[in-house]
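[1] Okay, structure incoming, though there's no sequence with it:
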């Protein structure tokens, strides 16, 4: 277990007299806890997962908080703790709580739930920036846990809105064997039925051969059995085989999901709404494009900063109450203010639909209406969520 601490201090604030009695000095300590996991074996090594995934997003959020905080007497610090594979995540949480009750968790669902259920975190505020599992926003929700990463359901609904708009009504699906693949596939299927689309054949990818040599022979035969369809969905959460599906299918049809047309939290092709400026600052910091977990970590740290600025407080109870109120909004460079759902703690946000070289669309799409906000057409709406932890 390794920890690194970042501190943004602006002594010049006092020197230039920018603070007042109304803006008393506030120290905000944010603890970022990252669970390292063994990367699953994949059929390609073209796109290795960055070792610093998520971490630089939190660091950029800290810098952005400090930009405003220097005028308000706020000092921000960030401690990044990496828990080794098989390490004691619970102990890392306990150690973090000795310094702060504001915890950003970059961990799989199992560790996120374990942290949220610890007696020591009952009064803390936790942010989930990695686990996209729908259950965490439904029957497995926790009152002390907010989610800045979109769920699988939000991404699936974004795709289905696009399919409805394009009148791609007949869908086939290929899913990997891993639990994450199956969870993503199940969510895609449920979303298709929710939007009234026809869900046809579904196959499980079972190949472990070198697709760099065999894709053009194996994939056409594999997809021939799917019959006819308007669009082929691929559920490959580990980014293992999906890259070999486009242009190798038996029928010439668009591919979407984990390859081809993809719903994402963030992507380098998002350039509108000031996003290019965020992309540039992240690239300067990390020397690579911002990815989904980076954006989720940035949003978590920025949500804390926004709530501190608006309330003048730094305790978990006050910040949580404000984040779940109608007064909270976060400028997220996505063309609409980001807010938290009061029934399950999910951060509402638009979902870009992209291919590798361009932004194709951004959901919610025109024509999909909601009595509260069109953003609630993505993911679990209040009647769909079985979360009861937020009832009070």
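    Structure received. Note that the structure is a prediction, hence the values are computed from the model and not measured. Numbers count the residues shown, from 1 in each chain.

[2] Give me the nearest residue to residue 343, chain neighbours excluded.
    residue 382 (4.7 Å; C-beta to C-beta, 6 or more residues apart in numbering). C-beta: built from backbone N, CA, C; applies to glycine.

[3] quick one, strands of the protein?
    Assigned by DSSP state E, the strands in the chain fall at 2-8, 26-35, 74-83, 102-106, 125-128, 145-147, 170-175, 198-204, 231-235, 255-257, 262-263, 351-355, 358-363.

[4] Would you mind giving those strands as TSV with mean neighbour count added?
    As requested, the strands of the chain are exported to TSV (neighbours: other C-beta atoms under 10 Å):
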stretch	mean neighbour count
strand 2-8	14
strand 26-35	22
strand 74-83	22
strand 102-106	28
strand 125-128	27
strand 145-147	26
strand 170-175	24
strand 198-204	15
strand 231-235	26
strand 255-257	24
strand 262-263	24
strand 351-355	22
strand 358-363	17
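
[5] okay if I get the ones you listed as a markdown table plus distance to residue 215 and mean pLDDT?
    As requested, the strands of the chain are exported to a markdown table (distance: least, C-beta to C-beta, whole Å; pLDDT from 0 to 100):
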| stretch | distance to residue 215 | mean pLDDT |
| --- | --- | --- |
| strand 2-8 | 39 | 78 |
| strand 26-35 | 33 | 97 |
| strand 74-83 | 36 | 97 |
| strand 102-106 | 33 | 98 |
| strand 125-128 | 35 | 98 |
| strand 145-147 | 36 | 98 |
| strand 170-175 | 13 | 97 |
| strand 198-204 | 16 | 92 |
| strand 231-235 | 13 | 98 |
| strand 255-257 | 13 | 98 |
| strand 262-263 | 19 | 98 |
| strand 351-355 | 19 | 97 |
| strand 358-363 | 24 | 98 |
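
[6] Tabulate the ones you listed (a markdown table), appending distance to residue 187.
    Shown next, in a markdown table, are the strands of the chain (distance: least, C-beta to C-beta, whole Å):
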| stretch | distance to residue 187 |
| --- | --- |
| strand 2-8 | 34 |
| strand 26-35 | 23 |
| strand 74-83 | 28 |
| strand 102-106 | 21 |
| strand 125-128 | 17 |
| strand 145-147 | 15 |
| strand 170-175 | 11 |
| strand 198-204 | 12 |
| strand 231-235 | 8 |
| strand 255-257 | 10 |
| strand 262-263 | 11 |
| strand 351-355 | 13 |
| strand 358-363 | 15 |
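
[7] Which of the ones you listed sits closest to residue 271?
    Evaluated over the strands of the chain, closeness to residue 271 peaks at strand 358-363, with 7.4 Å, by C-beta to C-beta.

[8] partners of the closest one in the sheet?
    strand 351-355 (antiparallel) (DSSP bridges).

[9] and the strand it pairs with, how far out from the chain's middle?
    Centroid separation between strand 351-355 and its chain, computed with C-alpha atoms, centre = their mean, to the nearest Å, is 14 Å.
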